[in-house]
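Participant: build the 3D model from these lines:
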Amino acid sequence: MEVLTVFILALLWDIALGEPPVRLHPVVWFGKLADFLDSRWRRRSHLLDFLAGTLTALLALAFALVLSLLPLYLPFPLNYILAVYFLKSSFAVRSLYEHVSRTATDDIEAKREAVSMIVSRDTSELDEGHLNSAAVESLAENLNDSVVAPLFYFLLFGLPGALVYRAINTLDAMLGYRNERYEFFGKFAARLDDVLNFIPARITVLLYLPSGGKKVLNHWKLAKFKINSDKPVAAMSAVLGVWLEKLGVYRFPGREPETEDIKRALWVYLVVVGEWLAMVFIPLVMGVCPCLNR
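Facilitator: The predicted model follows:
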């Protein structure tokens, strides 16, 4: 019941208040740690860069683990408050919805600016169709990274699972680039993130089945571009019936996405999130969740 209580309070926090203040957000702390170590490591050789990047990822992982264990050493009610705070910080239902909803505008420049806030690609030269696509892609991909995956690891390993996953996912977003600076320094974080997301990404696809049926499975077969990230994007493309394309990386078939399709995607997002929260809630209530034995 303690784990169930923490989960319910964290979910209510997310719905009512959204994200914690930036300065106090554990995800920001993970990012600052990674940035500190990254900025002070002068690139040397492929092997040394890989070892330095691996150490950076392990330090972030250890930091997340220490944070997640702090509630065990605090008296009531501080232990509950901190546990709820850390669990809430590992997932983001409301803020993801809010960020993507800002892209659902017919003002092309406002849309371009809003999309630039949620994707890493250069939006300055994208046409309206690709801007709409980028917004929907970000929603689909982050549904896995920011909702399904952290709660999946919470079910398995409790608060340590959720926070450690979030730390690795944050480092992948910061360091996991295929360029000269990060090809080897960010490789360990990127590959570990791939491993951790393998099952959650496929769970996310299955959650789309009630909305898209066989079309989701057909698009899933086309998702051979990435290990994980293109799978939820393919499923969203199937449900909406629109093409979703990251230039030079992947393209899933359909008609051109419009602003209205961003709004439709947000409704699909709420349905899928509702399904997943129910799937998390049920084993916690029944007392059959692995994390209850930890």
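
Participant: please save the CA atoms from stretch 245-259 in PDB.
Facilitator: C-alpha atoms of stretch 245-259 as PDB (Å, rounded to 0.1, in the frame of the first residue of the first chain):
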ATOM      1  CA  GLU A 245       8.900  11.700 -41.500                       C
ATOM      2  CA  LYS A 246      12.200  12.600 -40.000                       C
ATOM      3  CA  LEU A 247      14.200  13.600 -43.000                       C
ATOM      4  CA  GLY A 248      17.000  11.300 -43.800                       C
ATOM      5  CA  VAL A 249      16.000   8.900 -41.000                       C
ATOM      6  CA  TYR A 250      12.500   7.400 -41.500                       C
ATOM      7  CA  ARG A 251       9.100   8.000 -43.200                       C
ATOM      8  CA  PHE A 252       5.800   6.200 -42.500                       C
ATOM      9  CA  PRO A 253       3.000   6.400 -45.200                       C
ATOM     10  CA  GLY A 254      -0.200   8.400 -45.100                       C
ATOM     11  CA  ARG A 255      -1.600  11.700 -46.100                       C
ATOM     12  CA  GLU A 256       0.100  15.000 -45.100                       C
ATOM     13  CA  PRO A 257      -0.300  15.800 -41.400                       C
ATOM     14  CA  GLU A 258      -2.300  19.000 -40.700                       C
ATOM     15  CA  THR A 259      -2.700  21.100 -37.500                       C
END
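
Participant: rounded mean pLDDT for that stretch, please.
Facilitator: Averaging pLDDT along stretch 245-259 yields 92.

Participant: let's have the chain start at 449 instead
Facilitator: Renumbered: residue one is now 449, and that last one reads stretch 693-707.

Participant: which parts of it are buried?
Facilitator: For stretch 693-707, the neighbour count (16 or more other Cβ atoms under 10 Å) marks Glu693, Lys694, Tyr698, Arg699, Phe700, Gly702, Pro705, Glu706, Thr707 as buried. Every C-beta, even on glycine, is put in place using the N, C-alpha and C of the backbone.

Participant: okay, these in CSV with distance to Ile730 next?
Facilitator: Converted to CSV, the buried residues of stretch 693-707 look like this (distance: Cβ to Cβ, whole Å):
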residue, distance to Ile730
Glu693, 37
Lys694, 35
Tyr698, 34
Arg699, 37
Phe700, 32
Gly702, 34
Pro705, 34
Glu706, 37
Thr707, 36
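
Participant: just the ones of those residues in helices?
Facilitator: The helices, defined by DSSP state H, take in Thr707 from the buried residues of stretch 693-707.

Participant: in strands, which of the buried residues of stretch 693-707 fall?
Facilitator: Glu693, Lys694, Tyr698, Arg699, Phe700 (DSSP state E).
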